[in-house]
Each structure stands twice: as structure tokens, then as C-alpha cells.
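Peer 1: Predicted coordinates and the sequence they were generated for:
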Amino acid sequence: MSTELKKPENCLIVIFGASGDLTKRKLMPALFELFCDNMLPEQFVVLGTSSSKLSDDEFREHIRSALSVKTPDPENSIDKFLKKLYYISADFKDPLRYEEIKKRMYELGGCCGNSCNYIYYLATVPELFGTIALNLGNVNLSDQSNGFSRIVVEKPFGHDLGSAVELNKTIQSVFKEDQIYRIDHYLGKETVQNVLVTRFANGIFEPIWNRNYVHHVEVTSAETLGVENRGAYYERSGALLDMIQSHLLRVAALVAMEPPSSFDSDAVRNEQLKVLQSLRPIRFEEVNESAVRGQYISSKIKGKTVKGYREENNVNPNSRTETYAALKFYIDNWRWGGVPFYIRTGKMMPTQVTEAVIHFKKTPHYLFSKAGETNSRNSLILRIQPDEGIVLKFGMKEPGSGYKVQNVNMDFHYKDLSNLHIPEAYERLLYDSMVGDSTLFLRADAVEAAWRFIDPIEKAWKESHDIKIYGYPAGTWGPEAADSLIEGDYQTWRYPCKNLAEDGVYCEL
Ligand code: BG6
């Protein structure tokens, strides 16, 4: 992972799925931000492709509405950026169309100077990932004899272990592993990367970052929105695959990994892999006691009736797809032996928040309060979003007679680093794919290790009708049954607020 930002070499990016939502909402605004920050190559072209019939200008106009400038723009940056975009329509299943794409790339390739550096960004439905890779191979577009050729693959990468292994094999039959960039946009988040800096740039945390001092670790990602217009996708996915398999296991791996020997891409990814390989499997018959699933049901939020999941568009009225998932698991290694890890995620929760919390053990002896009171617990909250920052919670003496201990916060907010632009995840990841830094992308072995852990849970939830799916009213913190996962030794889930330093059960409602 580079510490200094350099301008990438000239390159051409082909975006498959260019008329889709992801391209418009995420990829183009991220490329535009890089353009405004002068972080795109000197000569840079995007060739968008999808099945829609659009001219170059129609494509540019389609993208224009997604771009905005924060300050007056005498340079007309939006127009300048749009001039770099071109378009070709294609049926991605038609092998002949790839010759046309190649021809268009070569015509535009003049922009790349002497070398031809290509990035293929797969932002299509996942069923097409393998087909596109094979077709690119058929017209020799994976060749690197005259520049680099990289393929960026969106999530979901497979829908279970078997399909992920298959997809890896297919793509690797055309591209070498170091040409493949599997995206997890969580790893592109500034604050997720900051977990590594917090841990490995400070001497004070390492000695206590282990089973001797840590009581449990909690990772939460709560969203206030429901599935919106993504019912059809979500029905096939559910919270476990949509958030835990893809994003939150990676966050847990960053919290849990050993210090890498260097910040070299493979050194970092080797350590993450070891964590994923050390996850204690939750066997089919153990799923009931280690995992809880839920689905939001209709309720009133601020006096307004909101739909339940089963009433959403393109959702089966008898759906058993979970919109909430909570897991308890262990990492079987020397650092974490016996320390429970808890992960939960849900749609339609009271507040939007993503954080990882390290809960430390109590003092060995209570001098100031009775056993059973919680005020001698310390925790370190790594807030990923919103109000990005860090809070250390610890006990202080309340002023006055006696020794009453009160929990207080010591907090750092990213926004206090004023003037610093926090790049969007896609900005960072697109930039890294251009400079060839794969540290924040997933390696084949890590993807497979994550699926190996998730598969039995997903299978049990799909196949066993004895495992309940609990309804929870939209706007609440999920099914009560999830409390039983974390209960014991008077611990409970945290009920975080949008503001990092506040806690509360229903702070947003
Ligand atoms: C996506 C999921 O990968 O991540 C969505 O498909 C989810 O369902 C989103 O809402 C959350 O990302 P972020 O960056 O908004 O936390």
C-alpha cells in the first residue's frame, strides 16, 4: 500500500454495465472526484458498454446528472470530464461483439500513448462475470505484452463456496491472479483502513489487543433504509450474504489480524487470510445457537406507517429472506482463543451506523463499585460511519464525596481534521486499481475462506424450516432473540447513535 499518491499511468477503463445504477451513482462520481483532484492519468478514457443503445453524447448526458461541483467551476470541469467518456452498446453474451469493443478500444487507445493499459470493470449482474472474462480472453484482451490489463470484479463474488471457486477458476483461466481486483467497497473506506493505522502505528494498543485484555468484539452495521428498489436482488441475497459475507467479515479480519511484516499487498492480505482461515466453523446443527435472523415488519416511524419487507416490490409475500442477521463466532488462534466476536447487520434500524467495538475486560477487583455494575468496563469504538472517528470509554470519579465512577468518553472525530477531504471508497479503489495496488482488494483464497465459513449458516437458513426467522418492527434494533447471543456476564449489544459520543436505544426516532 503506497503512502504517497502518484499519478497513474495513462489508461483506458472499459466499464461493463455502464448504463446501470452503480456506474452512475458510484463509479462516475468517484472518477470525476479523481479528475478534479488531478489524480487521473494524463491521458485517460472511459469506454462504457451495456445493452442499452446510446450514442457517446447520450451516455455523457446520462452521466452528467450524477456529477456535481462543490465550488464555482469556471473551468467547466464537468464538461471536460464528460469528454473523456465514450460508449458502445453490446450484448455481453455475444462473443462477436468483443471484436467490436476491441476495435473501439484500439481507436480510443491512441489516447494511451505508446503503451496500452486497460482496466475492465465488471459492474454487471454477477451471472455475467465469468462470460465477460472468457470473452475478453477470446479476443486476447487479457494480454499484457504492451501494457497492463486488469479486471475489476464487483460483488457478489459467487453465491456460495462452490460458485465462488468456479468463478475464480473461470477468471483465472484468462487473467493471472495479480491482474484480478475483486472489490469490497468497505475496504475502500478511509475509516476501515484507519483500523490498521490505529493498531499498527500506535504502540499503546498492541499489548492489550488480545485474549488477555479483550472481553469481546462487536461489529455492527445498521441501516435506516429498507431494501428500496432492490427487492429482486435482495431476495437472492439476504443480510448474511449482502453485508456479512461480503463486508463485515473483512472488517472483523482487520480488527483481528496479526501485524503484517510490511505494508506490501501480499503481506497484508496473507494476515487477513489467516484470520478467515481460523474462523471456527459454525456447523449446520449449531446455527440455531450461534446465529439469529430477522425480517422487518410494517410499523410506524415518526407517526408514518412504513412497509414490511414482504410488502416491498419484487419480494415474495411469504419470503423467508433475512433483512437482519447476527452471529457469534470465535477465531481459533493464539491471539483470540476464547474471545467471542459478534457481528450484526440489519435494514430498517433506528439509526445508520457502522462500527467495530473492542470491549475490554473488567478490572480484576472492584474498588469503587459493587460487582455487577458496568461502570468499570472500557471499550474502544472504531466508528466507520457516520461521524467517523474513535471513542475510548472509561471510568472517572464523579465530583463530590465518595467514589462514584461514571463512564466518560475520550473522542476523536475525523471532521476535526478540517479541510481534509475524506475520499469515497470507490475513489480510493479505482485509483488503486489504476496504480496497481491490490492491497485493498480480495484475493481468491480470502474470498473462498469467507464463503467456507458462511456456507453452512446460509445452507441451514435456506433448508431448515425449524430455524426461526423473527419479525422485528421496522425502526427497531432487530429481534429480541439476538440478545440471547450476546447475553451473559451482563453484556448487551451496544445501541449506538449517529453521533459517535452518544449512546441510546432509540436515538434516531
Ligand atoms: C452494499 C449492499 O454492498 O453495501 C447494500 O449491497 C448496503 O445493501 C451497502 O446498503 C452499504 O454500504 P454503505 O457504504 O452505504 O455502508
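Peer 2: Alright, I've got the coordinates.
Peer 1: Residue of the stretch 1-150 of the chain closest to the ligand, please.
Peer 2: residue 26 (9.2 Å; CB to the nearest ligand atom). C-beta coordinates here come from the backbone N, C-alpha and C atoms, glycine included.
Peer 1: Equivalent analysis for the chain, please.
Peer 2: For the chain, CB to the nearest ligand atom, closest residue to the ligand: residue 242, 4.7 Å.
Peer 1: so how many other residues sit close to that residue?
Peer 2: For residue 242, the neighbour count with other CB atoms under 10 Å is 23.
Peer 1: can I assume residue 428 sits in a strand?
Peer 2: No. Applying DSSP: H, G, I helix; E, B strand; the rest coil, one finds residue 428 to be helix, outside a strand.
Peer 1: these two touch, right, it and residue 191?
Peer 2: No. Using CB atoms under 8 Å, residue 428 is not in contact with residue 191; the gap is 11.5 Å.
Peer 1: Mutual contacts of these two, please.
Peer 2: Residues touching both residue 428 and residue 191 (CB atoms under 8 Å, 6 or more residues apart in numbering): there are none.
Peer 1: ok, the two, which is more surrounded?
Peer 2: Between residue 428 and residue 191, counted using other CB under 10 Å, the more crowded position is residue 191 (24 against 21).
Peer 1: residues in contact with the closest residue to residue 411 other than its chain neighbours?
Peer 2: Nearest residue to residue 411, sequence neighbours excluded (CB to CB, 6 or more residues apart in numbering): residue 391, at 4.4 Å. Neighbouring residues of residue 391 by CB under 8 Å, 6+ apart: 380, 381, 383, 409, 410, 411, 412, 500, 501.
Peer 1: what does residue 382 give?
Peer 2: 191, 194, 195, 198, 255, 355, 356, 357, 358, 390.
Peer 1: ok, now with 7 Å
Peer 2: 195, 198, 355, 356, 390 (CB atoms under 7 Å, 6 or more residues apart in numbering).
Peer 1: what's the helix or strand for it?
Peer 2: Here residue 382, judged by DSSP states H and E, is contained in strand 379-385.
Peer 1: picking up where we left off before, out of the contacts of residue 391, which is most surrounded?
Peer 2: Ranking these using other CB under 10 Å puts residue 383 first, with 26 neighbours.
Peer 1: Kindly report the residues of this protein close to the ligand.
Peer 2: Taking CB under 6 Å from any ligand atom as the test, the list of the chain residues beside the ligand reads 223, 242, 354.
Peer 1: pLDDT score for the residue nearest the centre of the chain?
Peer 2: Compute the mean C-alpha point of the chain, and by CA atoms, centre = their mean the closest residue is residue 186, 2.6 Å away. Residue 186 carries a pLDDT value of 94.
Peer 1: Tell me where the model's unsure across the stretch 301-450 of the chain.
Peer 2: For the stretch 301-450 of the chain, the stretches with pLDDT under 70 are 369-376, 418-419.
Peer 1: give me phi/psi at the residue lying farthest from the centre of the chain?
Peer 2: Most distant residue from the mean C-alpha position of the chain: residue 401, 48.6 Å away (CA atoms, centre = their mean). Here is the backbone geometry of residue 401 (degrees, to the nearest 10): phi -70, psi 160.
Peer 1: got a list of what it touches?
Peer 2: By CB under 7 Å, 6+ apart, residue 401 has no neighbours at all.
Peer 1: Right, I'll call it a day here.
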